[in-house]
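[1] requesting a structural model of the entry that follows:
(2 chains)
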Protein chains: 2
Amino acid sequence: MSRASDDGKGPTAYGSPEDFKRAVQEMQATFPTEGVVSTHPDDLFAHGFSTNVYHEGIPHSVVVYPQSTEDVVKIVKIANNYRMPVVAYSGATSLEGHFIGTKGGGICVDMSGMDKILEIHESDSDLVCQPGVGWVEINHALKEQGIPLFFPIDPAPTATIGGMLSTGCSGSETINSMESFLLDTHHTPANAVRYGTAKGEWFLNATVVLPSGEVIKTRQRSRKSSAGFDVTKLFIGAEGTLGIVTEVTIRLAPVVPTTVATAQFPDVRSASEAVIEILNHGVGIQCVELCDAAFMEATNLHGPSGRKYAVTDHLFFKLQGPTQASLKETARIVQEVAKKHGGSSFKVAKNDEEAEDMWADRKNAHYSSLLWGGEGTKAWATDVCVPISKLPELVYETQKDIERSGIKGPIVGHAGDGNFHSLLLFKTDEELVKVRDLVHRMVERAIAREGTCMHGEHGVGIGKREFLYEELGEGTVKLMKKIKKTIDPLNLFNPGKLYPDAPKSKSSSGDGH
Amino acid sequence: MSRASDDGKGPTAYGSPEDFKRAVQEMQATFPTEGVVSTHPDDLFAHGFSTNVYHEGIPHSVVVYPQSTEDVVKIVKIANNYRMPVVAYSGATSLEGHFIGTKGGGICVDMSGMDKILEIHESDSDLVCQPGVGWVEINHALKEQGIPLFFPIDPAPTATIGGMLSTGCSGSETINSMESFLLDTHHTPANAVRYGTAKGEWFLNATVVLPSGEVIKTRQRSRKSSAGFDVTKLFIGAEGTLGIVTEVTIRLAPVVPTTVATAQFPDVRSASEAVIEILNHGVGIQCVELCDAAFMEATNLHGPSGRKYAVTDHLFFKLQGPTQASLKETARIVQEVAKKHGGSSFKVAKNDEEAEDMWADRKNAHYSSLLWGGEGTKAWATDVCVPISKLPELVYETQKDIERSGIKGPIVGHAGDGNFHSLLLFKTDEELVKVRDLVHRMVERAIAREGTCMHGEHGVGIGKREFLYEELGEGTVKLMKKIKKTIDPLNLFNPGKLYPDAPKSKSSSGDGH
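    Numbering: from 1, shown residues only, chains lettered A, B, ... in the order given. Here you go, the predicted structure:
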């Protein structure tokens, strides 16, 4: 094995095209099985672009399909020898270009072959799996085996465990592809109110291949440990820049009776106030979704249930309880509080079928909105998150801004988390410019309201890098970059993602305040 | 300001005694107010030793009481100039010597002056505070102001937010001092089943002074963010080795009706099986505690409620529900499942007073056990954590081992987490040797059962450093040390804690498996 490019180049200097060619040859020799190493243009394109992403896509030099941790180690060692960038690829449902190629080329490591559930520990409420398995497949498998447990973090239906860990997602609104809308599999339950996010305690440990090719297992399988800071957390949200996850232990939650309820409100403020009071009751709320008047209009025309709603702000609830009796109790309390805040037309599903039918209207937000926009409509889906108390004014101002711009933009929010999405519709390049400006103003408005973030759920990728300094402060980003440099001194893993190049402006104090 | 020791010394070389003397003088000049800088031997002793800790204590060179983030920055800058170790000190309830001094001397930064609640955001269910405030004080303040929220992580009653974050604690069993037992304020609710641990999503952000003196704020205040890996998590469990926390935003939970129930079981296995099935029902269990026969014997003699229990393994439950009706429902389900697994004598408290009275028996575990041991008895409290399914055999084997050793050692476990404590009683140095061996065997037995950890809750400190390699694997510990070195190249912050010096043995493969 010849070592290339290890002299006379800076730590971020990658190999030459000739080096890359030899690296690909070495990979082909290492993995002689047909299809494991692919340089087919269709493959390179499919892995470097996405219909979700309004960012420039770049093809990779090669796509490799590992079957094991050992395979990933081999790939990473070759990447080190020839200084080739490495981009991990899994469900590819992310919205911010996390998996697009690196200028000049690199290795795309497609984890789809590592999609096994390895161990189910029903008694321990946990499960060991490979990163390429989807959360939907996991939940199907558990159901099929009659195990009354599920994994409650619920982003796009084709999202995989590896990607969910790496983006620190929280469920909802990552999107697989335009096809997924049309097939009506787009899915937005957003269970974060009840179950929190991927950043919480759902990932008990991970086996990770580091940029050096070393393999670590971050933690044991037990639920609690105070053995120093939790190294698992370092990889959650790191977007593949610090390591490639090859095995994960996830925690499971018990399946409990669930139902759906809806209520209409005079405005966003009263709906938000109702949400706050309901949450503080401690009743079983799995999620609560704010659907604005624009969205209800779209739903009246194109919602799958065929129900007609008043064109005003609504809340959609998923309620849960260990028994039907407690579920009823919860519904009663929710209705009472909603009424107190001007809520009306409170409706609870009578049975599971009706619940599913009602929820379908919320679930289909993207599709209904697209149809509402008319033929040729595309949507830019984005989201921000603020402390709940700031949600009403943020939604209100965003609605006004959307109106002024002449764009249609239904708003659907995970009200229980202070997190909302706008689906900004456009057809022309001119409208796209307006949409892009709207997104930027929405982000800035959110950041100005403390605790706001560039993205509640969708990660940074390449799409939001520029906002990282503004959100986290220079000191924190500097620290993140320092850690990146320590773990990946050659900048091989997913370069150009997550970490911004330099502060947007020099006005901040540098101490993160 | 004269720079000392910055040439000709390695990165871990500290200043000379002369340097330290000048550093103290500089601190006295910087903080001229009486009492802010103390070199009184009583102070140095009080901060370097603890009755909790069966480890050698070492006095600090000086104790400083900062009032603000800026004060801490000043202290850290002086520490840098004179290469003085810095040990943060807060509630000092930890069991593993986290806060003892550094050989050769150093600065103890006592955070007790930074004990303010700065902002309460009822609508957002969060609160901003300084690290020196206790969780008990926070919950008192919320109650007094009629805010129906509380902070649910519940370790020792005098534990502070800063220490809880830094040890990644999960509630229960950290101990303030022998006085706390005698005052009957020792408190072990262990709410982790319902609320998880400090490693979850309870700390929304932290303002941290880094070893360089730089200040960062890890995150905004919003509940969700996917802006890269969460830097907050780096400081949770880092035991003051990576930074000193000076401000924290914590998330609060709604106060809901709670009651207590107890049941007796023929053995640990049937009790554990009942726990697993109950948890998988998704009913409102705040915590479930396993109390073994030995502990019940101690409780019959010295329990504060005066109740008499069968001398067999028991479960103590804290049940919760949004309403009294749902609470009753939960109790019914728990009783049903308990019965199915051989549980009997199921008792639910009739009202809040009775609930408190019943819980007092569990809460008083340490005190009852000490009295059971007779005059002059001391207790070594330790804990391990395994996947729940392994709990019965681990408890069983530990009980046998304790019996064989001739030591009295009641076992009290947070069964819902697979986490249990043994309170090993001793009077003589001979017995202490036996106890120490028991603890080591208990830890090794736990580690052999996968997912087990040296300590479910109490951190590493100096007491458990040697087990870190065995638990996490060489690769993970190497990575932790690398991060420590990157953030604290001079090894100024809490040196000698957390990170072990070298692998215990070379038998492991180094890949963490």
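[2] please make it C-alpha for all contacts and neighbour counts, starting now.
    Will do.
[3] list the contacts of the helix or strand in which residue A:72 is found.
    Counting by DSSP states H and E, the element that carries residue A:72 is helix A:69-82. With contacts defined as C-alpha atoms under 8 Å, 6 or more residues apart in numbering or on different chains, helix A:69-82 is touched by A:2-5, A:14-15, A:19-20, A:22-23, A:26-27, A:66, A:85-86, A:107, A:109, A:209, A:211-215, A:246-247, A:492.
[4] show me what the mean pLDDT comes to for that helix.
    Helix A:69-82 shows a mean pLDDT of 98.
[5] what comes up buried for it?
    A:69, A:71-82 (16 or more other C-alpha atoms under 10 Å in any protein chain shown).
[6] any chance of those residues in CSV, plus distance to residue B:478?
    Shown next, in CSV, are these (distance: C-alpha to C-alpha, whole Å):
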residue, distance to residue B:478
A:69, 20
A:71, 23
A:72, 20
A:73, 18
A:74, 21
A:75, 22
A:76, 19
A:77, 19
A:78, 23
A:79, 22
A:80, 20
A:81, 22
A:82, 25
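[7] and residue A:132, how far is that from chain B?
    20 Å (C-alpha to the nearest C-alpha, to the nearest Å).
[8] ok, now residue A:142?
    Residue A:142 is 13 Å from chain B, by C-alpha to the nearest C-alpha.
[9] so what pLDDT did residue A:258 get?
    89.
[10] which parts of the stretch 351-500 of chain A are strands?
    With strands called from DSSP state E, counting those that start in this stretch, the stretch 351-500 of chain A shows them at A:378-385, A:411-414, A:419-426.
[11] residue A:282 belongs to a helix?
    No. Assessed with DSSP: H, G, I helix; E, B strand; the rest coil, residue A:282 is coil; it does not lie in a helix.
[12] contacts for stretch A:328-347?
    Against stretch A:328-347 from outside (C-alpha under 8 Å, 6+ apart): A:261-266, A:270-271, A:273-274, A:277-278, A:283-284, A:319-321, A:348, B:322, B:326.
[13] now a ChimeraX select for only the buried ones of those residues.
    Typed into ChimeraX, the line below selects the buried ones among the contacts of stretch A:328-347, using 16+ other C-alpha under 10 Å:
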select /A:261,262,263,264,265,266,270,271,273,274,277,278,283,284,319,320,321,348 /B:322,326
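[14] which of the contacts of stretch A:328-347 fall within helices?
    Mapping these onto helices (DSSP state H) picks out A:270, A:271, A:273, A:274, A:277, A:278, B:326.
[15] could those residues go into CSV alongside pLDDT and distance to residue A:240?
    CSV is the format used below for the ones in helices among the contacts of stretch A:328-347 (pLDDT from 0 to 100; distance: C-alpha to C-alpha, whole Å):
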residue, pLDDT, distance to residue A:240
A:270, 93, 41
A:271, 93, 38
A:273, 89, 39
A:274, 93, 39
A:277, 88, 39
A:278, 89, 38
B:326, 85, 44
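[16] with these in mind, which one is nearest to residue B:117?
    residue A:277 (22.8 Å; C-alpha to C-alpha).
[17] chain B: which of the strands of the stretch 351-500 of chain A is closest?
    strand A:378-385 (6.2 Å; C-alpha to the nearest C-alpha).
[18] send the alpha carbons of that closest one over as CSV?
    C-alpha atoms of strand A:378-385 as CSV (Å, rounded to 0.1, in the frame of the first residue of the first chain):
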residue,chain,number,x,y,z
LYS,A,378,-42.3,23.4,-5.1
ALA,A,379,-41.9,24.0,-1.4
TRP,A,380,-39.0,25.2,0.7
ALA,A,381,-39.6,23.6,4.1
THR,A,382,-37.7,25.2,6.9
ASP,A,383,-38.0,25.4,10.7
VAL,A,384,-36.9,27.4,13.7
CYS,A,385,-37.3,26.9,17.4
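[19] list the helices and strands that strand packs on?
    helix A:365-373, strand A:419-426, helix A:429-448 (3 or more C-alpha pairs under 8 Å, 6 or more residues apart in numbering or on different chains; DSSP states H and E).
[20] rerun that using 6 Å as the cut-off
    strand A:419-426 (3 or more C-alpha pairs under 6 Å, 6 or more residues apart in numbering or on different chains; DSSP states H and E).
[21] contacts for the strand it packs on, please.
    With contact meaning C-alpha atoms under 6 Å, 6 or more residues apart in numbering or on different chains, strand A:419-426 is reached by A:377-385, A:408-414, A:432.
[22] buried ones among these?
    A:378-385, A:408-414, A:432.
[23] and which of these is nearest to residue B:122?
    residue A:385 (17.5 Å).
[24] leaving out the residues flanking it, which one is nearest to that closest one?
    residue A:419 (4.0 Å; C-alpha to C-alpha, 6 or more residues apart in numbering or on different chains).
[25] repeat that for residue A:294.
    Counting by C-alpha to C-alpha, 6+ apart, the residue nearest residue A:294 is residue A:410, at 5.0 Å.
[26] got a list of what the one you found touches?
    A:294, A:295, A:422, A:423.
[27] okay, stretch A:70-89 in PDB with CA atoms only?
    Extracted C-alpha coordinates of stretch A:70-89, given in PDB (Å, rounded to 0.1, in the frame of the first residue of the first chain):
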ATOM      1  CA  GLU A  70     -14.400  -3.900   9.600                       C
ATOM      2  CA  ASP A  71     -15.300  -2.900   6.000                       C
ATOM      3  CA  VAL A  72     -15.700   0.700   7.200                       C
ATOM      4  CA  VAL A  73     -12.300   0.600   8.900                       C
ATOM      5  CA  LYS A  74     -10.800  -0.700   5.600                       C
ATOM      6  CA  ILE A  75     -12.400   2.200   3.700                       C
ATOM      7  CA  VAL A  76     -11.300   4.800   6.200                       C
ATOM      8  CA  LYS A  77      -7.700   3.400   6.200                       C
ATOM      9  CA  ILE A  78      -7.600   3.800   2.400                       C
ATOM     10  CA  ALA A  79      -9.000   7.300   2.700                       C
ATOM     11  CA  ASN A  80      -6.200   8.100   5.100                       C
ATOM     12  CA  ASN A  81      -3.500   6.700   2.900                       C
ATOM     13  CA  TYR A  82      -4.700   8.700  -0.100                       C
ATOM     14  CA  ARG A  83      -6.200  11.700   1.700                       C
ATOM     15  CA  MET A  84      -9.700  11.200   0.400                       C
ATOM     16  CA  PRO A  85     -12.700  12.900   1.900                       C
ATOM     17  CA  VAL A  86     -15.300  10.500   3.300                       C
ATOM     18  CA  VAL A  87     -19.000  11.200   3.400                       C
ATOM     19  CA  ALA A  88     -21.300   8.800   5.200                       C
ATOM     20  CA  TYR A  89     -24.700   8.300   3.500                       C
END
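[28] is it true that residue A:150 touches residue A:253?
    Yes. Using C-alpha atoms under 6 Å, residue A:150 is in contact with residue A:253, at 5.4 Å.
[29] before we move on, back to that, give me the buried subset of the contacts of helix A:69-82.
    A:4-5, A:14-15, A:19-20, A:22-23, A:26-27, A:66, A:85-86, A:107, A:109, A:209, A:211-215, A:246-247, A:492.
[30] those residues: which ones sit near chain B?
    residue A:215 (C-alpha under 6 Å from any C-alpha of the partner chain).
[31] now, the buried ones among the contacts of helix A:69-82 that are in helices?
    Going by DSSP H, the helices hold A:19, A:20, A:22, A:23, A:26, A:27 from the buried ones among the contacts of helix A:69-82.
[32] looking at those residues, which is nearest residue A:427?
    residue A:20 (39.9 Å).
[33] need the contact list for that closest one.
    Per C-alpha under 6 Å, 6+ apart, neighbours of residue A:20: none.
[34] re the thing from before, which of the buried residues of helix A:69-82 lies closest to residue B:167?
    residue A:69 (31.9 Å).
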